[in-house]
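J.: Build the 3D model from these lines:
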Amino acid sequence: MTIPDCRPIRAFLDDAHVSLAARFAERAASTIAPRPAPADDAAARHEARTLLGVLGAGGWLEPIERRDWRGCCLAREALGGASPLADAVFALQALGTVPILLKGSSPLRDRWAKEAIAGRAMGAFAMTEPGAGSDVSAMETTARKDGANYVLRGVKTLISNAGIADFYTVFAKTDPAAGGKGITAFVVPSDTPGLRFLGAQVLSSPHPLGKIAFEDCRVPAENRLGDEGRGLALGLQTLDRLRSTVGAAACGMAARALAEALDHARARRQFGKTLGDFQLVREKVARMGTGLTAARLLVYRAAAAADQGAERVTLESGMAKAFATETAQTIIDDAIQVLGGAGVLASHPVDRLYRSIRALRIYEGTTEIQQLLIAEQLLEGAT
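T.: Residues are numbered from 1 along each chain as shown. Modelled structure (predicted):
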C-alpha cells in the first residue's frame, strides 16, 4: 500500500493532537489498510460490523466520547485514506452517539453511548426521508404521545447502517403543525416492535445504506433526547460539530490519491523520462498538493473553533466541508489522470476513492446548502 503523507499541519493543533495523529496513522497502516475491500453490499454489511469492533478495540472512537472535534478529524483523515468503509463506520458512530451524549439521560448514555464508543453497539442517524433531504422541516414521520410512550409512524431513506445498526437516533414530528419547531429526537433500539428494515439501497462504493419504516413503533418517553420540539436544534448542533470531520475524511482520501499519483509519476517512464518530468504533470501535482493543504487548514480551523467552545461553527464548518470535499473530488480525478489506465481499474485504490468521495459532497449538507449557509453568515456579519 502507498502510505499518504498525512503528517498534521501544526496550525490549530496542540502537541497532544500531533501525537494522536501519529498514532492514528500507524494504526491505519497496520490494522485498517490491509483489510480487503468488500466486493458487494452483503460483504460491506458484514465488514462494517467487523470494523466497528476493530475501531472500538483500537481506541479510534474515544474522541467522540470526549467531544474532541480535532481528534475526530484526525481519526477520519487517517481512516479516509486507508478505508472509506472504516471511515463511514466512524462517522455513523459519531452521528448516532453525539445526540445521546448531548441530551440523553444517564441510563441512555450508559446503555448506548458507552457501548457505541467501545465498538459493541452500532449506531445510525435517521433524519432523511423521501420528501425531506436538505429541507429537514418537511419530514413526515410523526411521534404521537400515548401515555408513557411515543408512537412513531413514517419512513426514513438513505440511512447508513440501516438493517445492521443496534440503535437509531431518530427525528420525528411531535407537533406536525409547528414545522421545524415540532421535531423531537429519540433513541430507538433496533429490536423495537414496529421498526422494520425495508431493504438495502446499494451504492457504487460498497456501503451499508437502506430504508427503514416505523409502523406504530412504540418508544418509551425516557428514550426522548431533550425536550419536545428541540430535535431539529439538536440535529443541527450535531451536524455543525461533525461537518468538519467530513472535510477531514475527504482530505484523507485526497492524500491517499495524491500519494498514489506521486509514486506513479516517479516510476512511470514515457518518451525516455518519468511522468514527473513533464510540465503538465508537475502542474497537476502542484495544484493537488496546494489544494489539499488549504483544505486541511480549513478543517483544522473549524474543529479548533468547536474545541475552544464556540457556540456555533456554522461558517467555519461549512467552509471546511464545502472546500475540502470539492477539492478532494478534483484531486482524486487528477490522480486518475496521472495514473492513466491503471487508475480506472476497479481493483485500484484510487478508483475506489473516486467512487467513495462523491457521496461526501452530498451527505451532512450538500455543497450548495453549505454555500447558502456561508453566504448567510457573511451577510449577517459573522467573522
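J.: Return the list of strands paired to the helix or strand bottoming out on mean pLDDT in the chain, each annotated with direction.
T.: Least confident helix or strand of the chain, by mean pLDDT, DSSP states H and E, is strand 269-270 with a mean of 90. With DSSP bridges as the test, strand 269-270 is paired with strand 273-274 (antiparallel).
J.: pLDDT of the partner strand, averaged?
T.: The average pLDDT within strand 273-274 is 93.
J.: ok, now stretch 356-368?
T.: Stretch 356-368 comes out at a mean pLDDT of 93.
J.: CA atoms of that stretch as CSV?
T.: Presented in CSV, the C-alpha positions along stretch 356-368 are these (Å, rounded to 0.1, in the frame of the first residue of the first chain):
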residue,chain,number,x,y,z
SER,A,356,-16.3,6.9,-2.4
ILE,A,357,-15.6,10.7,-2.5
ARG,A,358,-18.7,11.6,-4.4
ALA,A,359,-21.1,11.0,-1.5
LEU,A,360,-19.2,13.3,0.8
ARG,A,361,-20.3,16.3,-1.3
ILE,A,362,-23.9,15.4,-0.6
TYR,A,363,-24.3,14.0,2.9
GLU,A,364,-24.5,16.2,6.1
GLY,A,365,-25.5,19.1,3.9
THR,A,366,-24.7,19.4,0.2
THR,A,367,-22.1,21.8,-1.1
GLU,A,368,-24.9,24.0,-2.4
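J.: Name the residues of it that come out as buried.
T.: Buried residues in stretch 356-368, counted by 16 or more other C-beta atoms under 10 Å: Ser356, Ile357, Ala359, Leu360, Arg361, Tyr363, Glu364, Gly365, Thr366, Thr367. (Each C-beta comes from the backbone N, C-alpha and C, glycine too.)
J.: Please report phi then psi for the first one.
T.: With angles defined as degrees, to the nearest 10, Ser356 shows backbone torsions of phi -80, psi -40.
J.: Tell me if I'm right that it and Met253 touch.
T.: Yes: the pair Ser356 / Met253 is scored as a contact, 6.5 Å apart, by C-beta atoms under 8 Å.
J.: between those two, what contacts are shared?
T.: Pro84 (C-beta atoms under 8 Å, 6 or more residues apart in numbering).
J.: Give me the pLDDT value at Tyr381.
T.: Actually, residue 381 is Gly. It isn't Tyr. So Gly381 comes in at 79 (pLDDT).
J.: Surely Ala324 is in contact with Val299?
T.: Yes: look at Ala324 against Val299 with C-beta under 8 Å: they come within range, at 5.6 Å.
J.: Give me the more crowded residue out of the two.
T.: Val299 (34 against 31; other C-beta atoms under 10 Å).
J.: tell me which element that one is part of?
T.: helix 279-307 (DSSP states H and E).
J.: What segments of the stretch 201-350 of the chain are helices?
T.: 231-267, 279-307, 314-339, 349-360 (DSSP state H, counting those that start in this stretch).
J.: per-residue pLDDT, the residue nearest in space to the middle of the chain?
T.: Nearest residue to the geometric centre of the chain (C-alpha atoms, centre = their mean): Ala91, 3.9 Å. With respect to pLDDT, Ala91 has a value of 97.
J.: if we can go back for a sec, who touches the least confident helix or strand of the chain?
T.: By C-beta under 8 Å, 6+ apart, strand 269-270 touches Leu275.
J.: go again using 10 Å as the cut-off
T.: Leu275, Gly276, Asp277, Phe278, Val281, Gly340 (C-beta atoms under 10 Å, 6 or more residues apart in numbering).
J.: just to revisit the earlier point, what do Ala324 and Val299 both touch?
T.: Shared contacts of Ala324 and Val299, counting by C-beta under 10 Å, 6+ apart, come down to Ser244, Val246, Gly247, Ala248, Ala249, Ala250, Cys251.
J.: Considering those, which is situated nearest to Ser134?
T.: Val246 (15.1 Å; C-beta to C-beta).
J.: Could you double-check that that closest one sits in contact with Ala91?
T.: Yes: with contact defined as C-beta atoms under 10 Å, Val246 reaches Ala91; the gap is 7.4 Å.
J.: Next, show the common contact partners of these two.
T.: Taking C-beta under 10 Å, 6+ apart as the criterion, Val246 and Ala91 both touch Arg76, Gly80, Leu360, Tyr363, Glu364.
J.: related to what we said a few turns ago, separate out the buried members of the shared contacts of Ala324 and Val299.
T.: Ser244, Val246, Gly247, Ala248, Ala249, Ala250, Cys251.
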